Structure formats: structure tokens, C-alpha cells
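# Using only what follows, build the 3D model:
(2 chains)
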There are 2 protein chains.
Amino acid sequence: MTAYETAKRAYDAKTKPRGSLGRLEELGCRLAEIRGFIPRTLEAVIVVAAADHGVAAEGVSAYPQEVTAQMVANFAAGGAAINVLAREGGARLVVVDAGVGAPTANIARGPAMTRSAAEAQIAAGRAAAAELVADGIGLIGVGDMGIGNTTSAAALCAALLPAAPGAVCGPGTGLDADGVARKAAAVTRALEVNRATAADPLGVLAALGGFEIALLVGVMLGCREARVPVVLDGFITGAAALVAQRLAPASAGALIAAHRSAERGHAPLLEALGLDPVLELDLRLGEGSGAALVLPLLASALALLRDMATFESAGVTDSGR
Amino acid sequence: MTAYETAKRAYDAKTKPRGSLGRLEELGCRLAEIRGFIPRTLEAVIVVAAADHGVAAEGVSAYPQEVTAQMVANFAAGGAAINVLAREGGARLVVVDAGVGAPTANIARGPAMTRSAAEAQIAAGRAAAAELVADGIGLIGVGDMGIGNTTSAAALCAALLPAAPGAVCGPGTGLDADGVARKAAAVTRALEVNRATAADPLGVLAALGGFEIALLVGVMLGCREARVPVVLDGFITGAAALVAQRLAPASAGALIAAHRSAERGHAPLLEALGLDPVLELDLRLGEGSGAALVLPLLASALALLRDMATFESAGVTDSGR
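Presented below is the predicted three-dimensional model:
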């Protein structure tokens, strides 16, 4: 019997109609499936990767590039949304500087980075995941910070799904219609200039990605190898998951999608990943905020398996339904 | 400026694009609106009202009537889903016996209870709410336990929405198609026999309700008076909210719908209450389980207001978006 089936049977023995906790039970079974056993608890961490993007020069963000570094300072001081939400979700916050103040090249004019730079970021992400796993972490929520990174994520989606730039470019942190048009134009140029093909996902990542996205790809590959669940946040982390899936199809097996974000392009991206998100709260912040918000639901799913009585132990009549 | 607007402005000053936490911000604003101020935290309790239903004799549940008492014993022993979920959600659990082992009369043959019995349950619910508020409770999640109570809730919906019995009768704890047909037939008979009209909501409650539903109506009326938010669970608590709304239209202003359940009839009920639920996880357990699951999201909404830095305090450039 698989760990998924063992968990399903354990839920079915508990004092409640079978399946009556719906997706919560499914989430508990998924966690067992990914881990290979039913975890009693999962010590969680939120990994936020941060980097700057040369494509910010194309006027594709509502915020100036310096906000990336300012927000990383805000993370360090404990004042950002993810500081609050990680704490509320019972998770430690780890912020990884993948290139703050040292932006990728502008993807609208050429490749973002070399293949070896992409490989180095992936290796760094893998190493970060391995270190956390060695520390006893049993679940990693992923997040991002990087002014301009919805443009990079949209370009990755356009190349890999594939999709028309207009179908995957949205307002990000708050662009108006002109800004979204500039973003779609930048993605169109990036695809033309770089001629990356979906058959070469590492090449696509190097051409169109960001340093933080490449690092998150590595975190996801490392988590899959360690059988540690990865909780995706929104559009950026989803784009990283898409790259990981194309590099190693099995990596999608370790993913849980926290939410469907308000950002255009997130819905087709989730569909391509085969993921049905848990929450739908019109979030569009990033930082791992959605991943942190879903942690209490995952903890509850495991607590039910751990702490509920069975029909037998509680002497409750079982209808078998 | 209203408390809702004050909360909205406070969110807008925080280091994140305006509105980027979507419904989470809206929930924080709603909590402020209901309380009349921005609460720093909300001490929460889950009130589960339990009672037996004479209509169980019509074969409308997958479980025998004795399960109500068995589950109340399970609550006392700490082994039920709501024990686990309330604890995970940081809430105290209060179980109120509104008529366990002393069922209402069978609504398919006559009125469930007298008008004065309905009034007494409402008064008991109001008193319970007042006592909790006096103890410092700032938010009440509501739940139910009672074999047969989806039939009573369906009858209340059919009479008050109004709706055809078939449109509000679902499988409950796990009825097959024949069972659902029996339930709809019982509701049809209950409406014919009792001739309750929507213009007399107390009469409808007495004719078709259950003791636990009547008690929950009182809890909701009491919470509205005390400006304490009520988090609804699923179909049964929603039916109680519908009765409360018809008795005192303003009472709906204190309600937050935790989730849209898998039970048929819950969707039109939420629509009539004007509520957009937070979660959609195919839950159909009751006991307040969905209400408990939403508590961490509400706590996070308030924590953001309390603990996040502002653009000004953190020195982050504000785009004004």
C-alpha cells in the first residue's frame, strides 16, 4: 500500500463521514505521498529568493528597481508581509540574495545570463534545500522578490507553455494598461532576440529567467530528491516550477499550489503544472505570502491524522459511508 | 471615517502594493467594520450546538440517531475533528447541548417545537453569546451536530429562500440517491403539513427548525448586538443565519462565511445571505470545522495591520499603486 493510500485509510477510520473533509484530506494524503510516510508534523520554512532584473529598464514595473534592495532590508528588519505571515504560519523565514543590486542582463536585448550562471544558481538552490533538509525541515514554501520579475516569469511561460505574450502578461505590482502593453512588448522582443526553444529548458532559463527564479528551480529539484513538499506561492514561483518540470518532469510531483493569484498567466501556468490550488484570495504580492497562508491548513490536515479518534476507539457507530 | 476605511488606509500604508493581499485585506477591513475598531487580535471560540431531530425517523440520514450523543461524548473526550481543528486554529471549543436525546418532533408530521420553545432556545443562544463576550471573546465560530439536521436546514431554506425541496436537499453525511429522494419527500411533507410562511420567520423556525439551529440563531443575534464577528461553518449554520437575517436583517452584517460546502443548497443559501465564502475545500462535515479552518487567515489579516512596517517607517519607495 502506498503512503497516499495509508493516509486515506487512516482518514477513513476517523470519526467523521468518509471524505467529508474534502480537499483537506486530499492535502494530507499528498503530503504523505511526497514524504513517503505519514508525517506527524512538518517543520516548515519559507525560502524567499531575491534578485534584480535588467529588464526593469524597459519600464515594466510600477516600482523602481531600488525597491528590491529596500524590501530585502525590510525582510531583515521583520517589517514585510512575509515576516508576519511566515510567523503566523509557524514557519522560519530564509531570505536568499541571488543577485540583489547585480541584475541580470536585459532580456529584451539578449540573454539574461549565461548557461553556466543559470547552472550555478540551480546548484545554489539545491544546496540551500539540502542544508534545510539536513536541519530537519520537512516542508519548504517558496517565494520571490525582484522588481521586474513578472516580466521574466511571463517570458518563461510564453516560451515554455508556449503562450502568446499577451496571455501571460498582467499588471504585476500595479501596472496600468500602458504598462502591461510595454511588458508584453518587452516579452515579445525577448522571445525574438533570444530565440530560446522549449526543447532546451536550461537555455530558456538562461535567456529569459532571473537569478532568483533559477535559484528557486534548484530548490525545487533538491526538494524532489529529498522527498520534501514544496508549497508554491504565485506566478513567479510557478514559472520556476515550470522550468523545473521541463528539466525534470518528476519534480512536479513534490509541488502543492497554495493559491490561484490575480495575476494573468497564473491560471494557464497552474494548468500546465497539473496543480489545483488550495486558496483563491486574489493575492498578487509574491514574497511567499500565499505559501505561508496555506501552512495552517496543511498543519491541520496532519493534526487530524495524528490526533483524531477512530470510530472504534471512540465507540461511535460507523455507517460505512 | 468608518472603521472599515481606517483599516483600508492602514493596509494601504504597509510595504506592499495596494490591495495586493486581496481578500485577506478585505477580511481585515470586515473584522474592523463589525467590531467598530481595528482589533489587535481576536480571542476566538467555536460554539458547537448539538441536538436530536425527530425527522431522523424518516430515514433521512446515513447515520442512526444515537450518533449525535456519541459524537457529543467524542467532543468531550477531545477526539473529534472539531477538537483538533479548533486547537489548530487557536480557538477554545464550547459544546452546547440544546436537546441531545430529547429530539424535536418529526417535522414531516407537524411542527418541530412550539414557538415558546424556539424563543427559549434563541434566548439561551443570546445568553451564551453574552457570557462569552463578557469573558473577552472577540470572535465566535459556529458549528452544529445533530443527526437529521440537514433535513431541517433544507426545510428552513425551502420555506425562507424560498426554494424547491429538491434544490436544497443533498447527501448530507453520505446519503445515496434514494436517501436524498426520501429527504426531499420529507421536506415536501414538512412544508405541506406545517404551512409555515416566510413572513413569519419565528413560526418557520418553530415548525421546521431544530433545537441547535434555534440556539445558533440566538448566538448570531447576540453577536450582532455585541459587535462580535460570527464565522459561519456550512449548511446548518447558514440556515440558522438565514433565520436570524429574517428576524433581524442587520444580523447578517456580523457574518463571515468560512467556506462553500459540498452540500447542495449551500450555494443559494450563501447568495441569499449576500456572503462570499473564504474557502472552497469541498467540506461537508459540519461541527464548525470550516469555521475553525478559516481562523488562521483572519488572525493573519489582523497581524498584518498590527505588525507590518509602513512605506514610511521602512524607507521603501512608494509607487502609490
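# Now do the contacts for residue A:97.
Each residue near residue A:97 by Cβ atoms under 8 Å, 6 or more residues apart in numbering or on different chains is listed here: A:50-51, A:72. Yep, even glycine has a C-beta here, placed from its N, CA and C like the rest.
# so where do the helices sit in chain A?
For chain A, helices defined by DSSP state H occupy the ranges A:3-13, A:22-35, A:66-77, A:81-88, A:115-134, A:149-160, A:165-168, A:177-194, A:201-208, A:211-226, A:235-247, A:266-273, A:289-307, A:311-314.
# Identify whichever of those helices lies nearest to residue B:181.
helix A:22-35 (23.8 Å; Cβ to Cβ).
# pLDDT averaged over that closest one - what is it?
Confidence for helix A:22-35, expressed as mean pLDDT, is 98.
# count of residues packed around the nearest residue to residue A:252 once chain neighbours are set aside?
Nearest residue to residue A:252 in three dimensions, chain neighbours excluded: residue A:245, at 4.6 Å (Cβ to Cβ, 6 or more residues apart in numbering or on different chains). Residues contacting residue A:245 under the criterion other Cβ atoms under 10 Å in any protein chain shown number 21.
# Residue A:245 against residue A:239, yeah?
No - using Cβ atoms under 8 Å, residue A:245 makes no contact with residue A:239, being 10.6 Å away.
# from the helices of chain A, which stretch is densest packed?
Highest mean neighbour count among the helices of chain A (mean count of other Cβ atoms under 10 Å in any protein chain shown): helix A:149-160, with a mean of 30.
# What distance do you get for the closest residue in space to residue A:315 that isn't next to it in sequence to residue B:63?
Nearest non-adjacent residue to residue A:315, counting by Cβ to Cβ, 6+ apart: residue B:70, 6.5 Å away. Taking Cβ to Cβ, to the nearest Å as the measure, residue B:70 falls 9 Å from residue B:63.
# Quick check: phi and psi on the residue in the stretch 101-250 of chain A positioned nearest to chain B?
Closest to chain B within the stretch 101-250 of chain A is residue A:174: 3.0 Å, counting by Cβ to the nearest Cβ. Torsion angles at residue A:174 (phi, psi; degrees, to the nearest 10) stand at phi 140, psi 30.
# Could you pull up the residues touching the closest residue to it other than its chain neighbours?
Counting by Cβ to Cβ, 6+ apart, residue A:174 lies nearest to residue B:321, which is 3.0 Å off, once chain neighbours are set aside. Contacts for residue B:321 (Cβ under 8 Å, 6+ apart) come out as A:62-63, A:173-175, B:17-18.
# try residue A:218
A:121-129.
# One more: residue A:188?
By Cβ under 8 Å, 6+ apart, the contact list for residue A:188 reads residue A:165.
# Need the per-residue pLDDT for it.
According to the prediction, residue A:188 has pLDDT 98.
# cool, residue A:209 as well?
98.
# What number of neighbouring residues does it come out with?
34.
# export the contacts of residue B:321 to CSV and tack on neighbour count and distance to residue B:44?
Output for the contacts of residue B:321, formatted as CSV (neighbours: other Cβ atoms under 10 Å in any protein chain shown; distance: Cβ to Cβ, whole Å):
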residue, neighbour count, distance to residue B:44
A:62, 19, 36
A:63, 22, 36
A:173, 23, 33
A:174, 17, 33
A:175, 22, 38
B:17, 21, 30
B:18, 18, 28
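# can you tell me which two in those residues are farthest apart?
Pairwise over the contacts of residue B:321, using Cβ to Cβ, the maximum falls at A:175 and B:18, 12.9 Å.
# Distance check, residue A:243 against residue B:146.
52 Å.
# now swap in residue A:54 and tell me
For residue A:54, the distance to residue B:146 - Cβ to Cβ - is 63 Å.
# what's the closest of the contacts of residue A:97 to chain B?
Closest to chain B, out of all of the contacts of residue A:97 and judged by Cβ to the nearest Cβ, is residue A:72, at 10.4 Å.
# residues in contact with that closest one?
Here residue A:72 is in contact with A:50, A:95, A:97, A:100, A:145 (criterion: Cβ under 8 Å, 6+ apart).
# Of the residues you listed - the most surrounded one?
residue A:145 (29 neighbours).
# Is the nearest residue to that residue once chain neighbours are set aside bridged to anything, and to what?
Nearest residue to residue A:145 in three dimensions, chain neighbours excluded: residue A:50, at 4.1 Å (Cβ to Cβ, 6+ apart). Taking DSSP bridges as the rule, residue A:50 bridges to residue A:97, residue A:145.
# Up against chain B, what does the stretch 201-321 of chain A have?
Within the stretch 201-321 of chain A, the positions near chain B by Cβ under 8 Å from any Cβ of the partner chain are A:262, A:278-285, A:289, A:293, A:296-297, A:299-300, A:303-304, A:307-309, A:313-317, A:319, A:321.
# 6 Å instead?
A:281-285, A:296, A:300, A:303-304, A:307-309, A:314, A:316-317, A:319, A:321 (Cβ under 6 Å from any Cβ of the partner chain).
# shouldn't residue A:214 be in contact with residue A:119?
No - proximity of residue A:214 to residue A:119 does not meet the contact threshold set by Cβ atoms under 6 Å, at 8.4 Å.
# quick one: the nearest residue to residue A:286 once chain neighbours are set aside from residue A:212, how far?
Distances taken as Cβ to Cβ, 6+ apart place residue A:144 nearest to residue A:286, at 5.2 Å, with adjacent residues excluded. According to Cβ to Cβ, residue A:144 stands 5 Å off from residue A:212.
# on that earlier part again, state the pLDDT value of the residue of the stretch 101-250 of chain A closest to chain B.
On the pLDDT scale, residue A:174 gets 91.
# and what of the one 5 residues further on?
Among the per-residue scores, residue A:179 holds a pLDDT of 95.
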